[in-house]
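K.L.:
this is a predicted model, with the sequence first.
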Amino acid sequence: MATTTSEVGTTPQPSRAALAAAITTSLADAGISRLEASSLTGIPRSTMYRKCDGIGKAFDADELALIAQVVGMKVSDLALLAERRAA
């Protein structure tokens, strides 16, 4: 199953892999490399690459907000894209 249930509520959340894929796609669509995204957001390069590959911890809310700003989207749009990818 591609979605998980939040421990706090019962709303399905996109999986870490689906969110990472949505971010990677959004960066590519905006013509922004992971290296550029790292520089523009202040997220360390190794962290950006690792999280975009779905390895380790997921992007946190602050990181999602920074990435969304860089690609010209809302965080909710990134989440919706991830949900669609997971379906």
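P.N.:
Cool, the structure landed. Since the model is a prediction, treat every value here as computed from it, not as a measurement.
K.L.:
going by C-alpha atoms from here, please, whenever you check contacts or count neighbours.
P.N.:
Fine.
K.L.:
how about the nearest residue to residue 20, chain neighbours excluded?
P.N.:
Once flanking residues are discounted, residue 20 sits nearest to residue 52: 4.8 Å by CA to CA, 6 or more residues apart in numbering.
K.L.:
wait, the one you found touches residue 26, no?
P.N.:
No: with contact defined as CA atoms under 8 Å, residue 52 does not reach residue 26; the gap is 11.1 Å.
K.L.:
and residue 35, what helix or strand is that in?
P.N.:
helix 34-41 (DSSP states H and E).
K.L.:
please apply the same query to residue 56.
P.N.:
Using DSSP H and E, residue 56 falls outside every helix and strand.
K.L.:
got a list of what it touches?
P.N.:
Neighbouring residues of residue 56 by CA atoms under 8 Å, 6 or more residues apart in numbering: residue 50.
K.L.:
that one and residue 75, how far apart?
P.N.:
21 Å (CA to CA, to the nearest Å).
K.L.:
how about residue 45?
P.N.:
In terms of CA to CA, residue 45 sits 21 Å off from residue 75.
K.L.:
now residue 87
P.N.:
Going from residue 87 to residue 75 by CA to CA gives 19 Å.
K.L.:
of these two, which one has the most company?
P.N.:
Neighbour totals were compared for residue 87 and residue 75, and residue 75 leads with 18 against 10 (other CA atoms under 10 Å).
K.L.:
is it true that the more buried one touches residue 64?
P.N.:
Yes: between residue 75 and residue 64 there is a contact under CA under 8 Å: 6.3 Å.
K.L.:
which helix or strand contains residue 76?
P.N.:
Assigned by DSSP H and E, residue 76 falls in helix 75-86.
K.L.:
and if you look at residue 18?
P.N.:
Using DSSP H and E, residue 18 falls within helix 16-29.
K.L.:
so what touches that helix?
P.N.:
Contacts for helix 16-29 (CA under 8 Å, 6+ apart): 2, 33-34, 37, 51-54, 58-59, 67, 71, 78-79, 81-83, 85-86.
K.L.:
that's all I had, so thanks and see you.
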